[in-house]
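Novice: Just the structure for this:
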Amino acid sequence: MQGAFLSGMDLRSVELADVDLGGADLRKADLSGARLSTTRLAKADLREAMLGEADLSFCDLSEANLMKANLSHANLNHADLTNAILSEADLRNASLLGTNLMWTQFRGTMLAGASVADAMLTGVDLSGCDLSSLDL
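Specialist: Presented below is the predicted three-dimensional model:
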């Protein structure tokens with residue numbers, strides 16, 4: 001499924017664990033509550049995707065574009081988001097425990113109530129972010 005075109009699709013609660021979706025076009029796709037643990041989404045286009053309450057634990061999201069995506073209450077524990085774009089995304093109450101966030105762009109991102117304990121934060125851009133109640 002690498003490079004698949006799934007833009008705008010309704011994929012709510014889908015089970016896609018351990019699938020290769022690298023470079024896939026998932027713009028505006030609804031993946032709310034989806035189980036995507038260990039899925040490869042490197043370089044995927046997830047702009048404005050709905051990923052609220054999705055399980056993205058241990059996913060490879062390196063260099064993925066998640067600009068304006070809804071990831072509220074999502075599980076991103078131990079995921080790799082190196083060089084990802086999360087500007088203006090909604091990560092309120094998301095769990096990013098032990099996540100690799102090196103060089104990730106968070107400009108204007110909502111991170112209120114998110115948990116980033118043990119995350120790698122080297123080179124992260126948090127300018128204009130809502131960091132209220134952020135759990136470090």
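Novice: do you know how far Ala69 is from Ala84?
Specialist: Ala69 sits 10 Å away from Ala84, going by CB to CB, to the nearest Å. No exception for glycine: its C-beta is placed from N, CA and C like everyone else's.
Novice: again but with Asn65, I slipped
Specialist: Distance from Asn65 to Ala84, counting by CB to CB: 7 Å.
Novice: These two - which one has more neighbours?
Specialist: Ala84 (28 against 20; other CB atoms under 10 Å).
Novice: right, and that one touches Ala64 too?
Specialist: Yes - Ala84 lies in contact with Ala64 (CB atoms under 8 Å); the separation is 4.9 Å.
Novice: what touches both of these two?
Specialist: Shared contacts of Ala84 and Ala64 (CB atoms under 8 Å, 6 or more residues apart in numbering): none.
Novice: mind pulling up the phi and psi values for Asn100?
Specialist: Here the main-chain torsion angles of Asn100 (degrees, to the nearest 10) amount to phi -90, psi 110.
Novice: whoops, Asp125 was the one
Specialist: Dihedral angles (degrees, to the nearest 10) for Asp125: phi -100, psi 110.
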